[in-house]
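Participant: Sequence first, predicted model second:
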Amino acid sequence: MRLTAELINNSLSYLNPLNERELDLRGHKIPSIENLGVAAKDHESIDFTDNDISVLANFPLSPRLQTLLCARNRIASLQPSLSKSLPSLNTLVLTQNNLSELADLDPLQGFMKLTHVSLLDNPVTSKEHYRYYVLWRNPRIRFLDFQKVKDAERNKAQELFGTFDQPTELAQSIIAVRSSKSFSAAAPTGDADGVAKGKGMKITETEKRRFEALVRKAKTLAEVQKLEKMFAEGKLPAEVMGDGDAMDET
């Protein structure tokens, strides 16, 4: 079922036990987030539990929203700029979803007020250094998977991964990994550094392999972040869009 204005208007809105105005959108098999508009701006909490959302994205600017409940969906990626749309978010529940790579959690870095996060029952939780990586990305988190974060864990995270300006080799190797499912084009734009894809188009398997190769070959965090930014904006480097053997994919 699409998330339509009618569905939103007919959904229950109430004060939850935390005295937050909450919008109940549970259990509608919603495949993607759309049409939130004023609804997101008028609520402190939205409950998307038990839907079919695959990408956590497409929120309007919602400075009032503090709690996002998204357990039991199919979320496999987070929009890189999600934190810009949700600047006041402090609680994010992503229990029982499909996040699989540590690098899929990189967007958590942008949330300045995030203190409570649950990623239980996602494949990513079985990755080595999972908990430390999350805390490196966002040391403001105080409760991760319903367990209180200790200062020793934050210190260990910095020891393992360094700083954002000078990440360790371990950090850079993780950042370079991208789940193949995350490679689908975003909105079209274009400039001298990249070629835009058409709106709604998905990149080809060849383009995906070439882009992944570029990420793997990036020597610095800044290079990786530049590629991420281009991709999020719906652009691909010119060499990815080339024909035939335009670049080595190994």
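Facilitator: All right, it came through fine.
Participant: quick one: residue 177 and residue 102 touch, right?
Facilitator: Yes: shown here, residue 177 and residue 102 form a contact pair, counting by Cβ atoms under 8 Å, at 7.2 Å. No exception for glycine: its C-beta is placed from N, CA and C like everyone else's.
Participant: Looking at those two, which is more packed in?
Facilitator: It is residue 102, of residue 177 and residue 102, that has more neighbours when counted by other Cβ atoms under 10 Å, with 22 against 15.
Participant: Next one: that one from residue 176, what distance?
Facilitator: Per Cβ to Cβ, to the nearest Å, residue 102 is found 11 Å from residue 176.
Participant: intersection of neighbour lists for these two?
Facilitator: Both residue 102 and residue 176 lack any common contacting residue under the criterion Cβ atoms under 8 Å, 6 or more residues apart in numbering.
Participant: following the lowest-mean-pLDDT helix or strand in the chain, which helix or strand comes up?
Facilitator: None of the helices or strands of the chain scores lower by mean pLDDT, DSSP states H and E than strand 194-196, at a mean of 48. Sequence-wise, the next helix or strand beyond strand 194-196 is helix 205-217, with elements assigned using DSSP states H and E.
Participant: same for that next one, what does it pack against?
Facilitator: Counting contacts by 3 or more Cβ pairs under 8 Å, 6 or more residues apart in numbering; DSSP states H and E, helix 205-217 is packed against helix 221-232, strand 235-237.
Participant: now those as a markdown table including distance to residue 34, mean neighbour count and mean pLDDT?
Facilitator: As requested, those are arranged in a markdown table below (distance: least, Cβ to Cβ, whole Å; neighbours: other Cβ atoms under 10 Å; pLDDT from 0 to 100):
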| stretch | distance to residue 34 | mean neighbour count | mean pLDDT |
| --- | --- | --- | --- |
| helix 221-232 | 18 | 18 | 72 |
| strand 235-237 | 23 | 22 | 73 |
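Participant: which stretches of the chain form helices?
Facilitator: Along the chain, the stretches classed as helices by DSSP state H are 5-10, 37-41, 82-85, 130-137, 151-161, 169-175, 205-217, 221-232.
Participant: hmm, who's touching the fourth one?
Facilitator: For helix 130-137, the external contacting residues (Cβ under 8 Å, 6+ apart) are 102, 105-106, 108-109, 117, 119, 124, 127, 141, 144-145, 149, 153-154, 156-158, 160-161, 171, 174.
Participant: Turn the helices and strands packed on helix 205-217 into JSON lines, columns for distance to residue 32.
Facilitator: Written out in JSON lines, the entries for these read as follows (distance: least, Cβ to Cβ, whole Å):
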{"stretch": "helix 221-232", "distance to residue 32": "17"}
{"stretch": "strand 235-237", "distance to residue 32": "22"}
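Participant: Does residue 123 touch residue 98 like I think?
Facilitator: Yes: the pair residue 123 / residue 98 is scored as a contact, 6.8 Å apart, by Cβ under 8 Å.
Participant: Nearest to residue 20, out of the helices of the chain?
Facilitator: Residue 20 lies closest, by Cβ to Cβ, to one member of these: helix 37-41, at 13.2 Å.
Participant: Can you mark which positions in that closest one are buried?
Facilitator: Residues of helix 37-41 classed as buried: 39, 40 (neighbour count, 16 or more other Cβ atoms under 10 Å).
Participant: Many thanks, we can stop here.
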